[in-house]
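**Student:** here is a sequence together with a model predicted from it:
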Amino acid sequence: MVKKNVLRLCTYGLYALTAREGDEFGMMTINFLTQSSFMPPMIAVAMEKDSNTRRLVEKNGHFAVNIFSREQRELAGLLGRKNASKHHRMDGVSWSYGPSTGAPIIDQVLGWLECRVEGRILSGDHTLYVAEVIGAGGAAEGEPLTMLESGFRHSG
C-alpha cells in the first residue's frame, strides 16, 4: 500500500492520445508521458498493452498527443473509460485530421503534437514508445489538466 501511495505522488498531466490506420480511429486518455530529448524533440509515452489505440500505433507507427485544458476534465474522463466502445468515446468529440500523420487532432485542446515512433520496449502491462515530434500546433492560452486536479486515480 505504501508503494502505491508514493507512486501516486508523482505528478502527471492528462492527454488524449489518438491514432489512425485507414478508416479506423482511436482516442484514449493517457498520463504516462514525458519529453525525452531536445534534439531532435522526442517524447516517451506508455500505453496499455490491450489498448485498441495502441494497436493502431503499432500498425502505422504514428500518433498524436492532444493536451487537455483544465476545463476538459469531462472529455478526459470520457476518453479514459475502458468499458466504453471506441465509437461511443468519439461521439460528440470535434476533431480534424493531423497534417503530418492523419491522427485525430481534437478541437479546443491547448496544443497538440504529432509523433513518429522511433522505438518501443515492453514495460509490465504497458508498452513504452519513444517518438520523434514531427508536428505541433495550438498553444492556446490556459492551464493544462493534471491528474491531481482531475481527481482521477491510476493504480500506481
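**Tutor:** Ah, there it is. Residues are numbered from 1 along each chain as shown.
**Student:** roughly how far apart are Pro144 and Ser51?
**Tutor:** 22 Å (Cβ to Cβ, to the nearest Å). For glycine as for every other residue, the C-beta is placed from the backbone atoms N, C-alpha and C.
**Student:** ok, now Tyr97?
**Tutor:** For Tyr97, the distance to Ser51 equals 21 Å [Cβ to Cβ].
**Student:** of these two, which one has the most company?
**Tutor:** It is Ser51, of Tyr97 and Ser51, that has more neighbours when counted by other Cβ atoms under 10 Å, with 18 against 13.
**Student:** contacts only, for that one.
**Tutor:** Contacts here follow Cβ atoms under 8 Å, 6 or more residues apart in numbering; on that basis Ser51 touches Gly26, Met28.
**Student:** after the least confident helix or strand in the chain by mean pLDDT, which helix or strand is next? Please name it.
**Tutor:** When each helix and strand of the chain is scored by mean pLDDT, DSSP states H and E, helix 86-90 comes last, with a mean of 59. Once the chain leaves helix 86-90, the next helix or strand it forms, by DSSP states H and E, is strand 95-97.
**Student:** and the next helix or strand past that next one?
**Tutor:** From strand 95-97, the next helix or strand downstream (DSSP H and E) is strand 104-106.
**Student:** quick one: contacts of that next one?
**Tutor:** 16, 18, 20, 25, 27, 64, 66, 75, 90, 93-98, 112, 114, 137.
**Student:** rerun at 10 Å
**Tutor:** Strand 104-106 has contacts (Cβ atoms under 10 Å, 6 or more residues apart in numbering) with 16-20, 25-27, 63-68, 72, 75, 79, 90, 93-99, 111-114, 135, 137-138.
**Student:** ok, stretch 91-101 next?
**Tutor:** Contacts of stretch 91-101 (Cβ under 10 Å, 6+ apart): 16, 18-20, 25, 27, 60-64, 66, 75, 78-79, 84-85, 103-109, 112-116, 133-137.
**Student:** let's see that with 7 Å instead.
**Tutor:** The contact list for stretch 91-101 (Cβ atoms under 7 Å, 6 or more residues apart in numbering) reads Met27, His62, Ala64, Pro104, Ile105, Ile106, Asp107, Glu114, Ile134, Gly135.
**Student:** where does Glu58 land in three-state SS?
**Tutor:** Classification of Glu58 by DSSP: H, G, I helix; E, B strand; the rest coil places it in helix.
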